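Peer 1: I need the structure of the sequence given here:
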Amino acid sequence: MARYLIRLVSLGQPEHMKKNFFPLIFMLAPLSVFAGEVVVVDASASATATGIYRFDVTLKHADSGWDHYADGWEVMTPNGEILGRRTLYHPHINEQPFTRSLSGIAIPAGVDQVEIRAHDKVHGYGPQTYRIDLR
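Peer 2: Numbering: from 1, shown residues only. Purely as a prediction, here's the structure:
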């Protein structure tokens, strides 16, 4: 791919560039927008006291450095109330997938399911949530 792009640039023919280079850019653009979103691979909850839980969450993300890495996850009720947030302060380039925990999360009475959603510095919240049944 890189060899093809270099060849196009070195030709220096504007009509050739328009004909071949610009369609290539439009084909690759969607890939860069959707590539690298953080995914919740697994999550579990364990009660540590009445109504208090510890969450272990496994994330997968193509961390590429300080400008693009999975930077946190949240525990929330199915209606979107955030119960707890784990902030990740550095990239995990060579540790994928990785698991981090958060303790002391109070679950309101009557809530028997929670959702986990993850966040990265470029794309924001990932495309899916991970549901945990607390019953």
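
Peer 1: make it CA atoms for all contacts and neighbour counts henceforth
Peer 2: Will do.

Peer 1: just for the chain, where's the confidence low?
Peer 2: Along the chain, segments meeting pLDDT under 70 span 1-35.

Peer 1: Grab the most central residue of it for me.
Peer 2: V38 (1.5 Å; CA atoms, centre = their mean).

Peer 1: how many neighbours does the closest residue to that residue other than its chain neighbours have?
Peer 2: Leaving aside its chain neighbours, V38 sits nearest to H61 (4.7 Å; criterion: CA to CA, 6 or more residues apart in numbering). Residues near H61, counting by other CA atoms under 10 Å, number 26.

Peer 1: for H61, what are its contacts?
Peer 2: Counting by CA atoms under 8 Å, 6 or more residues apart in numbering, H61 makes contact with G36, E37, V38, V39, Y69, A70, Q96, P97.

Peer 1: you'd agree the second one is up against G126?
Peer 2: Yes. Under the criterion of CA atoms under 8 Å, E37 lies in contact with G126, with a separation of 5.6 Å.

Peer 1: that older thread, tell me the one among the contacts of H61 nearest to T50.
Peer 2: The closest of the contacts of H61 to T50 turns out to be V39 (CA to CA; 29.8 Å).

Peer 1: Surely the closest one and D63 touch.
Peer 2: No. Contact criterion CA under 8 Å: V39 and D63 do not qualify, at 11.8 Å.

Peer 1: Could you pick out the buried ones from the contacts of H61?
Peer 2: Taking 16 or more other CA atoms under 10 Å as the criterion, what is buried in the contacts of H61 is G36, E37, V38, V39, Y69, A70, P97.

Peer 1: Can you convert these into JSON lines and add a column each for secondary structure and distance to E81?
Peer 2: As requested, the buried ones among the contacts of H61 are exported to JSON lines (DSSP: H, G, I helix; E, B strand; the rest coil; distance: CA to CA, whole Å):
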{"residue": "G36", "secondary structure": "coil", "distance to E81": "26"}
{"residue": "E37", "secondary structure": "coil", "distance to E81": "23"}
{"residue": "V38", "secondary structure": "coil", "distance to E81": "21"}
{"residue": "V39", "secondary structure": "strand", "distance to E81": "20"}
{"residue": "Y69", "secondary structure": "coil", "distance to E81": "25"}
{"residue": "A70", "secondary structure": "strand", "distance to E81": "21"}
{"residue": "P97", "secondary structure": "coil", "distance to E81": "27"}
